[in-house]
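Asker: One predicted model, sequence on top.
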Amino acid sequence: MKKLARKWKKSHREEGDRGGDDDRFSLPTHDDFRPMDTQEQEELVRSFEESLAQQSRLWRGVFAALLCGYALFLIYSIHQQVYSPWELRYHAYFMEEVDSWLIILADWVAVMVCLTAINGLLRESRNHRRWLWLSCIVGILVAVFWLYYMPRLPRFRWDVLWLPLGPLGGAVISLYVDHLLNESSEEVRKLRGYMYSYKAS
């Protein structure tokens, strides 16, 4: 490395006499390899924490908004089933197999899955993950309900596959997003733990 530095300085002096651009080529100085002091470390870690907090709020808000939209759609489905039974095609498929009140109940439970997942995403507490796990468990029950009746249809309908998979998928994705964000937060906490004290000699 020292030999390379001597060669570079020699060629740099020769080019300097010819008016070369000094700023385009430069080797790291001693200060570039200097360990950061405690204040610099603190500022760097704090900037990571602030950036992570912003990203966490953004992604939690995005997925909570998607779940809210899905819940509103389910509420519309419930309204239609109450006031105009079997008018919606995806409900009408089950007309001969399921009572109307069971359809309404299943949709209400699906709404609760979405609201529970939203609560888990947006709640800032240590036990927020319990809400996400609860939404997954209830989502499984909704999926079992629909998958029990779907094979009874005269023929399999791919366009109603979202009925069992929609609420469960939303809950599982919410849990996964929370897991990824928590992993990133844990990495920043580890970084703060690795901060070292440096005293200039």
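Answerer: Looks like it arrived, so ask away.
Asker: what's the helix or strand for the residue nearest the centre of the chain?
Answerer: Most central in the chain under Cα atoms, centre = their mean is Val177, positioned 3.0 Å from the mean C-alpha point. For Val177, the host element (DSSP states H and E) is helix 162-193.
Asker: Now do that helix: which elements does it pack against?
Answerer: Packing partners of helix 162-193 (3 or more Cβ pairs under 8 Å, 6 or more residues apart in numbering; DSSP states H and E): helix 38-83, helix 100-122, helix 128-149. Where C-beta positions appear, they are placed from N, C-alpha and C, glycine not excepted.
Asker: List the contacts of Tyr90.
Answerer: Counting by Cβ atoms under 8 Å, 6 or more residues apart in numbering, Tyr90 touches Asp159, Val160, Leu163.
Asker: Flag the shaky bits of this structure, pLDDT-wise.
Answerer: Applying pLDDT under 70 to the chain flags residues 1-38, 195-201.
Asker: The same query, at a cut-off of 50, please.
Answerer: For the chain, the stretches flagged by pLDDT under 50 are 1-5, 8, 12, 15-16, 19-30, 197-201.
Asker: Double-check Val111 against Leu74; I have them as touching.
Answerer: Yes - with contact defined as Cβ atoms under 8 Å, Val111 reaches Leu74; the gap is 4.9 Å.
Asker: quick one on the thing from earlier: can you lay out the contacts of Tyr90 as a markdown table showing distance to Trp86?
Answerer: Listed next are the contacts of Tyr90 as a markdown table, based on distance: Cβ to Cβ, whole Å:
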| residue | distance to Trp86 |
| --- | --- |
| Asp159 | 16 |
| Val160 | 14 |
| Leu163 | 15 |
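Asker: Just the buried residues of those residues.
Answerer: Using 16 or more other Cβ atoms under 10 Å as the burial test, the contacts of Tyr90 include Val160, Leu163 as buried.
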